[in-house]
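A.B. asks: What shape does this take:
(4 chains)
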Protein chains: 4
Amino acid sequence: MTYPLNPELMYMMPTHFGPMSGPRQGPGGKKFAFEQDQRKCMAVSVSFLTNAAQLQELLPPGFELMGEPVVTVFETYMKEIDWLAGRGYNVLGVNFPVVYQGQKDRAVGPFLTVLWENLTDPILTGREQLGFSKIYCDLPEPVVYNGETHCTASWMGFRFLDIKLTHMKEVGPTDYPPSLSLPTDGTLSGTIHYAAYAVLSPASEKPDPPQSLMQGEGTVEFHRARWEDLPTQYMVINAFSDLEIKEYRGASIQHSVGGGDLSNQRILS
Amino acid sequence: MTYPLNPELMYMMPTHFGPMSGPRQGPGGKKFAFEQDQRKCMAVSVSFLTNAAQLQELLPPGFELMGEPVVTVFETYMKEIDWLAGRGYNVLGVNFPVVYQGQKDRAVGPFLTVLWENLTDPILTGREQLGFSKIYCDLPEPVVYNGETHCTASWMGFRFLDIKLTHMKEVGPTDYPPSLSLPTDGTLSGTIHYAAYAVLSPASEKPDPPQSLMQGEGTVEFHRARWEDLPTQYMVINAFSDLEIKEYRGASIQHSVGGGDLSNQRILS
Amino acid sequence: MTYPLNPELMYMMPTHFGPMSGPRQGPGGKKFAFEQDQRKCMAVSVSFLTNAAQLQELLPPGFELMGEPVVTVFETYMKEIDWLAGRGYNVLGVNFPVVYQGQKDRAVGPFLTVLWENLTDPILTGREQLGFSKIYCDLPEPVVYNGETHCTASWMGFRFLDIKLTHMKEVGPTDYPPSLSLPTDGTLSGTIHYAAYAVLSPASEKPDPPQSLMQGEGTVEFHRARWEDLPTQYMVINAFSDLEIKEYRGASIQHSVGGGDLSNQRILS
Amino acid sequence: MTYPLNPELMYMMPTHFGPMSGPRQGPGGKKFAFEQDQRKCMAVSVSFLTNAAQLQELLPPGFELMGEPVVTVFETYMKEIDWLAGRGYNVLGVNFPVVYQGQKDRAVGPFLTVLWENLTDPILTGREQLGFSKIYCDLPEPVVYNGETHCTASWMGFRFLDIKLTHMKEVGPTDYPPSLSLPTDGTLSGTIHYAAYAVLSPASEKPDPPQSLMQGEGTVEFHRARWEDLPTQYMVINAFSDLEIKEYRGASIQHSVGGGDLSNQRILS
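C.D. replies: Next up is the predicted model:
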């Protein structure tokens, strides 16, 4: 007598204890139980113009740069997430705009090269269910003093990133930047990932506006690491540390409510 | 221009920054750079006799119980690990003896149903490179007072396990339990995992003896959890919490030096 | 040649490195540099009616219960604190209303029997500069799910407190409870502490209203501890765990902005 | 009815819950219950010759440098401490040799200018019961790789110290450095502290030898901090960061068992 797997349900290692419970499946195997929640999010981002040649070295097969080589580094601090029964976690990502041309699909959008998270559970589900390049780091709460917002990231005590935002000014809802109009020629649009194959998190047609938006200036500093400092991530940090910063392209702080379960994630073919 | 993958090297998501660096590949892609290190290990374990019918419900296809249904819960505390450039981490596992019969291979040994670790990096490499059922929890250092060693495990503040060891007595090297003699009939032997297929960590023919060994008595208590307490692991904990404890079968504390890279891991067919 | 102490400035051990820098003195010894900041606070509280005789056993000399024996347990989560250069920390306190009669002073207000904080720096300044009974514990962020707010506290992995708030409803500013009118007969009013002598944090004559207020229901559970579980605090936790809960008296969640430096703290004589 | 204080027992804020329980008093007020335990200690230290004039600026009244201006930075990692019911914690200290001349007492020994600890409970008892200049920081386990032992210290993510030890060689018990012979002219000897007055932790006449001792080379680096980086400790770190390092004077790693309760601590008059 061994245990049966229910083909209708999602499993993850270890499979011996029943269907997994996570972002896209509730307790007992209830599918898409958390399709939309009311999580509280604060997202900060800083962008800079860099050298196209340096970004090209980070492109997997089928990818090309699109438009200006502008890198965006963002940290998002989330609370009250339903699939974690009301807990939160934080993420740090680095992206730049690309176009992907597969055998059938063509897609445009930000290429999310890596996403750090400070909780293992969504790292496992994101890697194995969605094809996100998620890895772990510590992401403490932002420090806000004297008009400056300071965000950091570290791994086992080695701080590898400092982000600073200054001169942030509230933007009125009527002045919110327009959401990108989706292509109408069949090209897909969304956040693009690569996990041995390309993967798309489709952009929403009508994204909800944030609750508040501030714009201003910011800087990003990745701190060069030896293998001894970051034995599993030094190559990631150093690639970003080496990027030329030709010009900063602004910063933002955004508060929003609600998040989805990314169950519309799809592989590009 | 996109980046090439070197077919000789190991990669993991994200692949854009060069070959991964981890337990089985050193900085810059040096393969098996850490084949054997001098890590310092302290391992505690407690065993108990349970109900065969309850264990059978945890068996994947091809698995059968072997001998008495004795469950062993162990925690190992490791330091000075080479592939982490001298850092350490801890693990918690639950196993019981099985025989696996595949189409070609037959194997006997402890079935490692789940392995918790308190560091994300080896969880990712263990799941993706070895087929280990690794998940995350906090594993604080043991507390030793008045002749009792107390080990615990928790996830985001919910303590789900208490292990207590008492009456531990030093065992002289001449009284060390003999290492299991490996089968000579072609049956394989080692720790058996299941990851959609069965996987074997082969037992060593001549395992190094520990530096010291203590034996005595112990108890194990898994604390029943609601989904709200452990939204990603409640089903694992509750399966163990439900196991009948018919009789405790002793406890051990072992100190040893050195660990390998498990590069002899193989899929059973 | 030894170092001189500047009698105008505040020092704390170690004194050898110049004036201390903390809540009531800025870098380089600038006094009251942080008199008022714009910290962001979220405070939760739950009250219950208990047994007067049990509270009397917690009263230092000169203290008497005032009115009904209603205990309030609160946790406050603070961010963007100026004297910490924009960092935050959290506190947990237990109080009940008393009247203090000294040789000269008479004062009424909540008696803050103990205040846990999750950061050592304000514990030291609060104990040594203000006479607050501060001790340490871990105070993770609240967990909010399905209409329930769940707050906890623990010390080295032993969770000693669960607070749960439910049915919380927004209160309009016009329905805010009136701030207590201060006594006009010379009696002092504020939060009362005891540190070998009684100490008062004077109540504000015109307290700022909160930014938002929710009221509803709540429960409090202190978990009985052995000395082995909480070797420095078991007696505190057990005193609260033993309190009879005759009736719950409501719960609140309040958001506010701004905090002072308590430099008007005074010893009662 | 208010609570009585038992004049035979030790109390600390909060006093309302009975006698405190800590290093020098057991549960229920049992005095000196933990006079001697079998804690496991690993101590690392690095010494360097500096500039006498810089050290003189750190001397309180009555103190003078003694002999060469050699600063020692040490970190001690402790486990299985009885008064913590078997838990452990770590400390970091900086000292140099002084002679103290009071009105009556004359004492010689290392002047412990500051002692960081990574646990609040012994910080409070040490400051309030012993007059030790204890403050908080994070003190992670040492990292040991490729013959180098690397110790660090940080506060809220800002790493302010790197200690590295190399070329460590085992010293045989017969080659252990002789313990200092205590003065016979009435001068006292031990670790000297200053807490508004001078305090002595008397040296043992017959200190137990360590279980093992290694000697070799080492370096110390305190990282200069802005007030924004370490708002409560920048002045301490910068004083050490400014010290000239004329010459390193060796490093050691020592393992030992057992610790006392310092109940022989005395104020120098």
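A.B. asks: What is the burial count for residue A:136?
C.D. replies: Neighbour count of residue A:136, defined by other C-beta atoms under 10 Å in any protein chain shown: 21. (Glycine included, C-beta is placed from N, CA and C.)
A.B. asks: Ignore what I typed, I meant residue A:208.
C.D. replies: 10.
A.B. asks: how far away is residue A:184 from residue A:205?
C.D. replies: From residue A:184 over to residue A:205 the distance is 11 Å, taken as C-beta to C-beta, to the nearest Å.
A.B. asks: Just want to know which of these two has more residues nearby.
C.D. replies: residue A:205 (9 against 6).
A.B. asks: can I assume the more buried one sits in a strand?
C.D. replies: No - going by DSSP: H, G, I helix; E, B strand; the rest coil, the assignment for residue A:205 is coil, not a strand.
A.B. asks: Can you name the element that comes right after the host helix or strand of residue A:149?
C.D. replies: Following DSSP states H and E, the helix or strand that holds residue A:149 is strand A:148-155. The first helix or strand that comes after strand A:148-155 along the chain, using DSSP H and E, is strand A:158-170.
A.B. asks: that older thread, would you tell me whether the strand holding residue A:149 gets close to chain D?
C.D. replies: Yes - judged by C-beta under 8 Å from any C-beta of the partner chain, strand A:148-155 and chain D are in contact via A:152, A:154.
A.B. asks: and what of stretch A:79-95?
C.D. replies: No - under the criterion of C-beta under 8 Å from any C-beta, chain D is not reached by stretch A:79-95; the shortest gap measures 13.6 Å.
A.B. asks: And that stretch, how far out from the chain middle?
C.D. replies: 11 Å (C-alpha atoms, centre = their mean, to the nearest Å).
A.B. asks: cool, stretch A:153-162 as well?
C.D. replies: Taking mean C-alpha positions (C-alpha atoms, centre = their mean), stretch A:153-162 and its chain are 18 Å apart.
A.B. asks: Now do it: everything it contacts.
C.D. replies: A:73, A:75, A:92, A:116, A:136-140, A:150-152, A:220-223, A:225, A:229-230, A:232-233, A:237, B:87, D:138, D:140, D:152, D:154, D:157-159 (C-beta atoms under 8 Å, 6 or more residues apart in numbering or on different chains).
A.B. asks: Please spell out the ChimeraX selection for the buried subset of those.
C.D. replies: Remark: buried members of the contacts of stretch A:153-162, expressed as a ChimeraX selection using 16 or more other C-beta atoms under 10 Å in any protein chain shown:
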select /A:73,75,92,116,136,137,138,139,140,150,151,152,220,222,223,225,229,230,232,233,237 /B:87 /D:138,140,152,154,157,158,159
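A.B. asks: Where helices are concerned, which of the contacts of stretch A:153-162 count?
C.D. replies: Among the contacts of stretch A:153-162, the members found in helices (DSSP state H) are residue A:237.
A.B. asks: Give me the pLDDT value at residue A:209.
C.D. replies: On pLDDT, residue A:209 comes in at 89.
A.B. asks: residues contacting it?
C.D. replies: Counted by C-beta under 8 Å, 6+ apart, residue A:209 has contacts A:173, A:176.
A.B. asks: Might you list the low-confidence residue ranges for the stretch 1-150 of chain A?
C.D. replies: Applying pLDDT under 70 to the stretch 1-150 of chain A flags the ranges A:1.
A.B. asks: Spell out which residues belonging to it are near chain C, please.
C.D. replies: Close to chain C, as judged by C-beta under 8 Å from any C-beta, the stretch 1-150 of chain A has residues A:79-80, A:82, A:85-88, A:141, A:143-146, A:148, A:150.
A.B. asks: Looking at those residues, which are in strands?
C.D. replies: A:79-80, A:87-88, A:143-145, A:148, A:150 (DSSP state E).
A.B. asks: Give me the angle between the one helix or strand residue A:94 maps to and strand A:158-170.
C.D. replies: Using DSSP H and E, residue A:94 sits in strand A:87-101. Relative orientation of strand A:87-101 and strand A:158-170, computed by axes from the mean of the first three to the mean of the last three C-alpha atoms, to 10 degrees: 90 degrees.
A.B. asks: Pairing partners for strand A:87-101, with directions?
C.D. replies: Using DSSP bridges, the strands paired with strand A:87-101 are strand A:63-65 (antiparallel), strand A:70-81 (antiparallel), strand A:106-117 (antiparallel).
A.B. asks: deepest of those, which one?
C.D. replies: strand A:106-117 (a mean of 23; mean count of other C-beta atoms under 10 Å in any protein chain shown).
A.B. asks: Around chain B, pick out the residues from the stretch 101-250 of chain A.
C.D. replies: Residues of the stretch 101-250 of chain A lying near chain B (C-beta under 8 Å from any C-beta): A:113-114, A:120-121, A:123-124, A:127-128, A:131-136, A:156, A:194-196, A:227-229, A:231-232, A:234-236, A:239.
A.B. asks: among those, which ones are buried?
C.D. replies: Buried among those by 16+ other C-beta under 10 Å: A:113-114, A:120-121, A:123-124, A:127-128, A:131-136, A:156, A:194-195, A:227-229, A:231-232, A:234-236, A:239.
A.B. asks: got the contact list for residue A:190?
C.D. replies: A:107, A:109, A:200-203.
A.B. asks: Of those residues, just say which sits nearest to residue D:29.
C.D. replies: For residue D:29, the nearest member of the contacts of residue A:190 is residue A:201. The distance, counting by C-beta to C-beta, is 61.8 Å.
A.B. asks: What does residue A:174 show for phi and psi?
C.D. replies: The phi and psi values for residue A:174, taken as degrees, to the nearest 10, are phi -70, psi -20.
A.B. asks: Tally up the residues packed near it, please.
C.D. replies: 5.
A.B. asks: State the distance from the nearest residue to residue A:126 once chain neighbours are set aside to residue D:20.
C.D. replies: Distances taken as C-beta to C-beta, 6 or more residues apart in numbering or on different chains put residue A:132 closest to residue A:126, at 4.0 Å, once the chain neighbours are dropped. Going from residue A:132 to residue D:20 by C-beta to C-beta gives 50 Å.
A.B. asks: ok, now residue A:38?
C.D. replies: 45 Å.
A.B. asks: With residue A:86 instead?
C.D. replies: Distance of residue A:86 to residue D:20, computed by C-beta to C-beta: 36 Å.
A.B. asks: Look up the closest residue to the residue of the stretch 1-150 of chain A found nearest chain D, ignoring the ones flanking it.
C.D. replies: Nearest residue of the stretch 1-150 of chain A to chain D: residue A:140, at 5.8 Å (C-beta to the nearest C-beta). Nearest residue to residue A:140, sequence neighbours excluded (C-beta to C-beta, 6+ apart): residue D:157, at 5.8 Å.
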